[in-house]
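Novice: one predicted model, sequence on top.
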Amino acid sequence: MIVLDEKSGIITLHTKNTTYQMKAGSHGVLLHTYYGPRIGDGDLSYLIRCTDRGFSPNPSEAGLDRAFSLDTLPQEYSTCGVGDFRLPSLELEPEDGSRLSDLRYKGVERRPGKYNLPGLPAFFGGEEWETLTVTLEDAATQVEVELLYGVLEEEDLITRAAWIVNRGSRTVRLRQAASLCLDFSGPMELITFDGCHAMERQMSRAPLRPGIQSAESVRGTSSHHHNPFVILCEEGAGEEQGLCYGAALVYSGSFQAAAERTHLENNRLTMGIHPYHFRYALGPGESFVTPEAAMVCSPSGFGEMSRHFHRAIREHLLRDPWKGERHPVLINNWEATEFHFDAEKLVDIAREAAALGIEMFVMDDGWFGKRDTDYSGLGDWQVNQKKLPGGLEALVPRINELGMSFGIWVEPEMVSEDSDLYRAHPDWALGVPGRSRTRGRSQLVLDFSRREVRDHIYGELKKVLDSAKIRYIKWDMNRSLTDVWSAALPPERQGEVYHRYVLGLYEMLERLHTDYPDVLIEGCSGGGGRFDAGMLYYTPQIWCSDNTDAIDRLRIQYGTSFCYPVSTMGAHVSAVPNGLTGRSVPMETRGVVAMSGTFGYEMDLGKCTAEEKETVREQTKRFKGWWQLIQEGDYYRLTDPFGGGAFTAWEHVSGDRREALVSIVMETARATPPFSVLRLRGLDAGALYQVNGSEELWRGDVLMNAGWPLPLPTGDYQAMQLYLCAKRPSSC
Ligand code: GLA
């Protein structure tokens, strides 16, 4: 609910459990007064104290009042160069070369529904949303900033974006335009999700110390290295207690999430496009829209915060027709064959899988152009007739005859130097004339900021997609951007290329979504190098990591789960010993871990023993029975796999709390282990639950408070699942 008090300038946003407030204060400065647990509509600006502080300057309108300083006041959207020395939100560069911004309040508006952002992914929905627009102005340049807020009351979610319009008569360049700025008081801790290729989203937590700490990427993608999702929380906050704030950027390019502990021991968080090499020209009348950021405040710990993000993403970011639908259980040939396959090999893999209940076969890298290694072929999206005689027209019906649908891997943003495409259009790759180009996985990046490049690639992809019944696309992207320079833009606009690249990518994905609405697109960037809320709008599942080792996956999927729902996490069972870690984990455990994701296989099942095949058949059946509980249910992290405990456990609970599924994975076994109990969550305290179909009934409050007695481990990496069903008149 949005409450406007025009007389006092107080603007209050209420969600079910939280309140967010700002106030147009003295001299038109828009102050941020409160964000926290839900309270009434009063004026919270008493929390802000103005005192004269040394070296905190005062705007000229303040006259002799030395207590009024932008340096000390909490700002709703911070300015730059005019007295606030903390993290800026907006930096303008007009033709005179200055780098200031001085924003003052102009007006406010509220309307039902949710705003859209042209060309950018954003949360969507109908009457369950309200939109607030607060307009600010930089009088000298006549640049107007519309601060947009979307309020999704039920999920305690508030989205933000800034729409920046040049109403003046001269060009102004944006040097920084944040999506979100939040000022907080009190000591706080910052949690980020960091890592590298094959070890994404490892959780890291530390108190904010004086100065700036950040999670950021200048790689042109959101990256494996830092995720565009961060949490600020009070000391001691945990899964079920403590105040915390999660912020996710709905964007897939270079970003910065920076937290500053200030000289007054306050904190500021800004989040948005990374200012590195960002310089965006706005001619008279032109506008720029920042990506969206989404915030959830949870007064009761991380678990609630995550469940709000999960529900909001599932309902308002993932789109039809896959939203709420079961994604097919698939088998992918990459780890089994890499580039070395032919049609017969693929059909063999598919046949084995089909017999065990797997529903889709995905042909990975290596099917096109000259592509027997990763040194050549990207850009030539024509079927390699030597490997696949007769093309997809011949292969796909053979897969379909097995009762399976067919999916395909592509990497449209890339080009190999050894390709017909590159030989014909070397300037289509990003690169600065006069400099050699930096390779990544021996490939270059196509300039997706250029329409003719996108049109060509799209045309080639379309021919492939139209040649057979293709139901799924894995859209991969296997390097970071370097040498960022576009042959299509003049020198003074090169600072737009990083962002225009991302807009180009989104435009391509939108075209694909429009032309092939039923095709499921899985995002991928060397595993989870572009796992962000922006991509989820186009690709409702994303390959979580190239690391398929079930034990490493416990931590990767745990970190991912803080913002992103289970239904979006691409997860497969692969062969052992694992290709990256050399570890051998039982098939059942690999299945239990992959089941907490989209679920599929990535191995040659023909090489499995009869017993292993039986496990695959049984797991696939189990997943099909439980998918709704797993993917649509509420998710509870029961342990912290970074905590060094003997086991990792998590739980899915159905919306009506009638059913729950608990998954437990033991780490390495040891002699004389202690007896452990596992306290469950989210159950109906008074209900009686049957566990794994046994006669004995367990009360919800007993399972949640006294806990479930865990059996002693009998070997490394064992797993078990508890299926709980509340006994009511109709049985589960
Ligand atoms: C990336 C992906 C893998 C696989 C290979 C193919 O690394 O993450 O799953 O598709 O590319 O080259």
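Specialist: Structure's in. What do you need?

Novice: low-scoring pLDDT stretches of the chain, where are they?
Specialist: Across the chain, residues meeting the criterion (pLDDT under 70) sit at 728-731.

Novice: gap between whichever residue of it sits closest to the ligand and Arg441?
Specialist: When distances are taken as CB to the nearest ligand atom, the chain approaches the ligand most closely through Asp365, which lies 3.5 Å from it. In short, each C-beta sits where N, CA and C put it, glycine included. Using CB to CB, to the nearest Å, Asp365 is found at 11 Å from Arg441.

Novice: mutual contacts of the two, please.
Specialist: Taking CB atoms under 8 Å, 6 or more residues apart in numbering as the contact rule, the neighbours common to Asp365 and Arg441 are Asp374.

Novice: of those two, which one has the most company?
Specialist: Neighbours per residue (other CB atoms under 10 Å) separate Asp365 from Arg441, with Asp365 holding more: 20 against 14.

Novice: contact partners for the more buried one?
Specialist: With contacts defined as CB under 8 Å, 6+ apart, Asp365 is in contact with 334, 338-339, 371, 374, 409, 411, 476.

Novice: next: Leu430.
Specialist: Contact analysis of Leu430 by CB under 8 Å, 6+ apart lists 437, 444-447, 481-486, 497, 501.

Novice: swap the cut-off to 7 Å and go again
Specialist: Each residue near Leu430 by CB atoms under 7 Å, 6 or more residues apart in numbering is listed here: 444-445, 447, 481, 483-486.

Novice: confirm that Gly107 sits in a strand.
Specialist: Yes: counting by DSSP: H, G, I helix; E, B strand; the rest coil, Gly107 is found in a strand.

Novice: wait, it sits on Thr135?
Specialist: Yes: counting by CB atoms under 7 Å, Thr135 is a contact partner of Gly107 at 4.9 Å.

Novice: compare neighbour counts for these two and give me the winner.
Specialist: Set Gly107 next to Thr135 and count neighbours by other CB under 10 Å: Thr135 wins out with 17 against 12.

Novice: residues near the nearest residue to that one once chain neighbours are set aside, how many?
Specialist: Leaving aside its chain neighbours, Thr135 sits nearest to Lys106 (4.3 Å; criterion: CB to CB, 6 or more residues apart in numbering). The number of residues packed around Lys106, counting by other CB under 10 Å, is 16.

Novice: please apply the same query to Pro299.
Specialist: Burial of Pro299, expressed as a neighbour count using other CB under 10 Å, amounts to 17.

Novice: could you report the separation of the closest residue to it other than its chain neighbours from Cys196?
Specialist: Nearest residue to Pro299 in three dimensions, chain neighbours excluded: Pro37, at 4.1 Å (CB to CB, 6+ apart). The span separating Pro37 from Cys196 equals 37 Å under the rule CB to CB.

Novice: which residues does Ser525 contact?
Specialist: 221, 476-478.

Novice: any idea what it is bridged to?
Specialist: Gly528 (DSSP bridges).

Novice: the ligand contacts on the stretch 501-650 of the chain?
Specialist: Of all the residues in the stretch 501-650 of the chain, those in contact range of the ligand (CB under 6 Å from any ligand atom) are 524, 526-527, 543, 546.
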